[in-house]
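Asks: 3D model of this:
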Amino acid sequence: MNYISYIHLLIILALLSSCAEKENNIIEDIIKNDTTIVSLHGRLQVSGNNIVNQYGNPISLAGNSFYWSNDNWGGERYYTKGAVSWLKKDWKTTVVRAAMGIEDPGGYIDNKQGNKNRIKIIIDAAIEEGLYVIIDWHSHHAEDYQDEAIEFFQEMALLYGETNNVIYELYNEPLDVSWSNIIKPYSIAVISAIRAIDPDNLIIVGTPEWSQRIDLAAADPITEFSNIAYSLHFYTEFHHQWLRDRASAALESGIPIFVTEWGSIGYSLIDSEANDWMTWCFTNKISHCNWAVNDKEEEWSVLLPNANYSGGWDDSDLTNAGKLAKNIISTWPNSNF
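Replies: Next up is the predicted model:
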């Protein structure tokens with residue numbers, strides 16, 4: 001990292017902090033007055049290429065994705081009410097993502113009730129805390145489990161569809177498969193099942209090649225239903241200006257984007273690509289969730305090994321990726337643009 005890049009980072013963080021000062025005061029008032037981000041902004045809707053609040057104003061949320069829910073993968077230990085409460089209190093998180101593993105060992109296909117119980121802990125805690133919560137079908141092969149997805153999302157819609165908190169994410173990261181012939185038909189089938197129960201809440205659809213071919217969805221969007229957004233994932237070690245250009249073109253074509261998963265390089269508090277991505281999200285009013293609430297020894301985990309499963313973390317419990325993510329999330333402007 002050269003001196004100029006370091007100064008650039010400091011300048012952008014200062015700008016974000018300055019822009020966020022008023023909004024952070026609002027968040028402080030929310031906590032103090034027991035008002036929540038959801039009661040303030042209400043049910044999220046799509047308007048053009050923006051996700052907007054109940055007043056029709058674009059909103060950009062910043063929060064955390066939990067790790068795979070699978071049995072014995074490690075991340076499931078952090079599926080606790082306390083972790084959600086701490087993220088709201090200490091990180092000023094406004095959205096959390098419950099990433100329910102599907103076809104991999106220990107996932108929903110192997111243990112439906114166990115995985116469902118874990119994500120319900122996160123959903124119920126988020127609703128209690130007044131946060132938005134993404135119910136994520138965390139799969140790389142969702143089209144092979146369409147019937148299971150329909151059954152699951154119908155159950156979630158019956159349980160939570162009347163709340164303003166929930167967001168449905170139908171397909172975490174499709175691999176290199178056809179958007180028009182595989183992902184889109186799968187998504188329409190699942191959306192149809194949800195909309196028969198919940199006509200209003202936001203639905204996010206995954207895109208090919210690990211949710212990076214947002215351009216393919218933009219060229220052939222889902223038009224049969226309203227209130228649909230499209231996921232974009234990035235990891236700063238691999239995804240640079242070329243992916244921002246692709247995403248910007250998709251926005252210009254008229255589709256809304258939600259970054260349901262992103263990760264920093266992890267080994268440093270200074271990550272110029274993360275800074276560039278956050279500037280892009282801020283400018284384009286894009287919501288985002290950082291991967292991941294976990295203590296696995298990999299560069300994207302926000303916690304060091306054996307951090308408390310129920311929150312209460314101080315800086316000594318956070319990885320460099322965690323410290324960077326906390327700084328971004330806790331200073332993110334959360335009011336209307």
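Asks: For the stretch 1-150 of the chain, just list every one of the helices.
Replies: Secondary structure of the stretch 1-150 of the chain (DSSP state H, counting those that start in this stretch): helices at 3-32, 37-41, 81-91, 112-129, 146-160.
Asks: mean pLDDT for the ones you listed: which is lowest?
Replies: Ranked by mean pLDDT, the helices of the stretch 1-150 of the chain end with helix 3-32 at the bottom, a mean of 46.
Asks: State the helix or strand in which Thr260 lies.
Replies: Assigning secondary structure by DSSP states H and E places Thr260 in strand 257-263.
Asks: What is that strand packed up against?
Replies: Where contact means 3 or more CB pairs under 8 Å, 6 or more residues apart in numbering; DSSP states H and E, strand 257-263 is packed against strand 228-235, helix 241-253, helix 272-284, strand 288-293. Just so you know, the C-beta spots here come from the backbone N, C-alpha and C atoms, and that holds for glycine as well.
Asks: what about it, distance to the chain center?
Replies: Centroid displacement of strand 257-263 relative to its chain, using CA atoms, centre = their mean, to the nearest Å, is 5 Å.
Asks: Quick one: residues in contact with that strand.
Replies: Identification of contacts with strand 257-263 by CB atoms under 8 Å, 6 or more residues apart in numbering yields 49, 51, 65, 97, 134, 136, 167, 169, 172-173, 202, 204, 211, 214, 229-237, 247, 250-251, 277, 281, 284, 286-292, 299-300, 321.
Asks: Show the buried residues in those residues.
Replies: Among the contacts of strand 257-263, those buried by neighbour count (16 or more other CB atoms under 10 Å) are 49, 51, 65, 97, 134, 136, 167, 169, 172-173, 202, 204, 211, 214, 229-237, 247, 250-251, 277, 281, 284, 286-292, 299-300, 321.
Asks: which one of the helices and strands packed on strand 257-263 lies closest to Ile183?
Replies: Minimum separation from Ile183 across the helices and strands packed on strand 257-263 (CB to CB) falls at strand 228-235, 10.3 Å.
Asks: List every C-alpha atom in the closest one, with coordinates, as CSV.
Replies: What follows is strand 228-235, C-alpha atoms only, in CSV (Å, rounded to 0.1, in the frame of the first residue of the first chain):
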residue,chain,number,x,y,z
ILE,A,228,-37.5,-7.9,-7.1
ALA,A,229,-33.8,-7.0,-6.7
TYR,A,230,-30.7,-8.8,-7.8
SER,A,231,-27.7,-9.9,-5.8
LEU,A,232,-24.1,-8.9,-6.4
HIS,A,233,-21.2,-10.4,-4.4
PHE,A,234,-17.6,-9.2,-4.3
TYR,A,235,-14.4,-10.0,-2.6
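Asks: From the structure, what's the count of residues near the residue nearest to Tyr235 when sequence neighbours are not counted?
Replies: Excluding its sequence neighbours, the residue lying closest to Tyr235 (CB to CB, 6 or more residues apart in numbering) is Gly263, at 4.5 Å. Neighbour count for Gly263, taken as other CB atoms under 10 Å: 25.
Asks: Also Gln113?
Replies: Neighbours of Gln113 under the rule other CB under 10 Å: 8.
Asks: remind me which residues of this protein are low pLDDT?
Replies: Applying pLDDT under 70 to the chain flags the ranges 1-34, 266-268, 335-337.
Asks: cutoff 80 now
Replies: 1-34, 265-270, 334-337 (pLDDT under 80).
Asks: May I have stretch 253-261 exported as PDB, CA atoms only?
Replies: Extracted in PDB, the C-alpha atoms of stretch 253-261 (Å, rounded to 0.1, in the frame of the first residue of the first chain):
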ATOM      1  CA  SER A 253     -30.300  -0.500 -17.400                       C
ATOM      2  CA  GLY A 254     -32.900  -0.100 -14.600                       C
ATOM      3  CA  ILE A 255     -32.500  -3.100 -12.200                       C
ATOM      4  CA  PRO A 256     -31.900  -2.700  -8.400                       C
ATOM      5  CA  ILE A 257     -28.900  -4.300  -6.700                       C
ATOM      6  CA  PHE A 258     -28.400  -5.600  -3.200                       C
ATOM      7  CA  VAL A 259     -24.900  -6.700  -2.200                       C
ATOM      8  CA  THR A 260     -25.800  -9.600   0.100                       C
ATOM      9  CA  GLU A 261     -22.200 -10.700   0.500                       C
END
